[in-house]
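1. Compute the structure for the input listed below.
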Amino acid sequence: MKIGILQTGDAPAELTEFGTYPDMFEQLLAGRGFTFARWRVNGMEFPDAVTDCDGWLITGSRHGVYEDYPFIAPLEQFIRDAFAAKIPVAGICFGHQIMAQALGGKVEKFAGGWSVGQTEYDFGGETLRLNAWHQDQVVEKPDTATVIASSPFCRYAALAYGDLGYSVQAHPEYGDGFIEGLIDTRGKGVVPDDLMTRARAKFGGKTDSDRIADQLARFFTAAHDARARAAS
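-> From the prediction side, this is the model:
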C-alpha cells in the first residue's frame with residue numbers, strides 16, 4: 001500500500017540530524033507494509049491526482065491553517081477531493097487542523113496557550129502519552145467528525161471521519177530529542193518558560209507513539225480494503 005506524505009512545513013535547520021518531517025513519518029510507520037511517496041505542498045508541489053496514492057498523510061507545520069499561505073486553499077480542496085474519491089486521509093497537528101477546517105470545523109490560536117512535551121490523552125477510556133507542540137487547535141469540530149481522543153487542555157485531540165479520515169493533534173513522530181531541539185530553537189521567547197521546564201522534566205518517560213502508528217496502519221489498511229471490496 002502506497003502512502004503519500006504531504007509535507008506542510010520544515011523542521012528547523014539546526015535539527016537536520018532528525019531528518020525531515022516525511023522522514024519522521026516513514027520511520028514511525030516502518031515495518032507495517034507501506035511504501036511512501038512525498039510532496040512538499042508548502043512549496044506548492046502537489047500530486048497530479050488524489051488517486052496517485054492509496055492514502056494520504058498530512059504533516060505538521062509551524063504555520064497556522066487560518067493564515068493566508070498559497071498552499072492552504074488547494075490543500076483543503078485536495079482533502080475534500082480525496083474524501084469524495086474514497087481515498088483515506090490522515091493528519092497530524094497541522095494536518096489534524098487543516099482537515100477539520102477543510103471539512104467545516106474551526107481552528108484558532110488557543111486562548112489557553114501552549115501544550116509542550118509529553119501529554120496524556122484519553123482515547124476512549126485508555127490513557128496514551130504523546131509528545132505535543134502546539135498553540136493552535138481545533139475549537140469547533142466538523143459535523144461529520146467523531147471525537148476519539150481528548151484532554152482537559154485539548155477537547156478535540158483526535159478525530160475520525162467515518163472510515164475515510166483520522167487525525168491527531170499530538171506528534172507521535174516526535175521523540176524527546178526533537179522536542180528539546182524545538183525548545184532550544186523555536187521555544188525561547190515564544191513558549192512560557194515554565195512549560196518548557198516541565199517538558200524537559202518529563203524527558204525519558206515512555207510515550208505511546210507506537211500505539212498511534214498501529215492505529216494509523218489499521219486505518220489506512222481498513223480503508224484501502226473497503227475500497228477494493230467496493231470496486232470488485
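
2. which stretches of the protein form helices?
-> Taking DSSP state H as the criterion, the chain carries its helices at 21-28, 72-84, 94-102, 176-182, 193-201, 209-231.

3. Dump those into TSV; add mean pLDDT and distance to residue 45 as well.
-> For every residue, glycine as well, the C-beta is placed using N, CA and C. Listed next are the helices of the chain as TSV, based on pLDDT from 0 to 100; distance: least, CB to CB, whole Å:
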stretch	mean pLDDT	distance to residue 45
helix 21-28	98	12
helix 72-84	98	11
helix 94-102	98	16
helix 176-182	96	24
helix 193-201	94	33
helix 209-231	92	22
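
4. From the centre of the chain, give me the residue that's furthest out.
-> residue 232 (31.7 Å; CA atoms, centre = their mean).

5. Give me the distance between it and residue 226.
-> Per CB to CB, to the nearest Å, residue 232 is found 11 Å from residue 226.

6. if I look at the residue most central in space within the chain, how far off is residue 111?
-> Most central in the chain under CA atoms, centre = their mean is residue 92, positioned 0.3 Å from the mean C-alpha point. From residue 92 across to residue 111, the span is 23 Å (CB to CB).

7. Quick one: residues contacting residue 27.
-> For residue 27, the contact set (CB atoms under 8 Å, 6 or more residues apart in numbering) comprises 19, 173.

8. again, but for residue 107
-> 64-66, 97-98, 100-101, 136-139.

9. now with 10 Å?
-> Contacts for residue 107 (CB atoms under 10 Å, 6 or more residues apart in numbering) come out as 64-66, 94, 96-101, 136-140, 156.

10. May I have the beta-bridge partners of it?
-> With DSSP bridges applied, residue 107 shows beta-bridge pairing to residue 138.

11. can you list the weak-confidence ranges in this structure?
-> For the chain, no stretch has pLDDT under 70.

12. can we see that at 80?
-> Applying pLDDT under 80 to the chain flags the ranges 232.

13. From the contacts of residue 107, list the buried ones, please.
-> 64-65, 94, 96-101, 136-139, 156 (16 or more other CB atoms under 10 Å).

14. Just give the number of residues close to residue 174.
-> When counting by other CB atoms under 10 Å, one arrives at 25 neighbours for residue 174.

15. Run through the bridge partners of the nearest residue to it once chain neighbours are set aside.
-> Leaving aside its chain neighbours, residue 174 sits nearest to residue 131 (4.4 Å; criterion: CB to CB, 6 or more residues apart in numbering). Under the criterion DSSP bridges, residue 131 forms beta bridges with residue 118.

16. can you pull the contacts of residue 129?
-> Contact partners of residue 129, counting by CB under 10 Å, 6+ apart, are 118-121, 170, 202, 205-209, 211.

17. Quick check: residue 52 vs residue 4, distance?
-> Separation of residue 52 from residue 4 (CB to CB): 6 Å.

18. Spit out the residues that contact these two alike.
-> 37, 39, 87.

19. so which of those would you say is closest to residue 198?
-> Nearest to residue 198 among these: residue 39, at 36.1 Å, using CB to CB.
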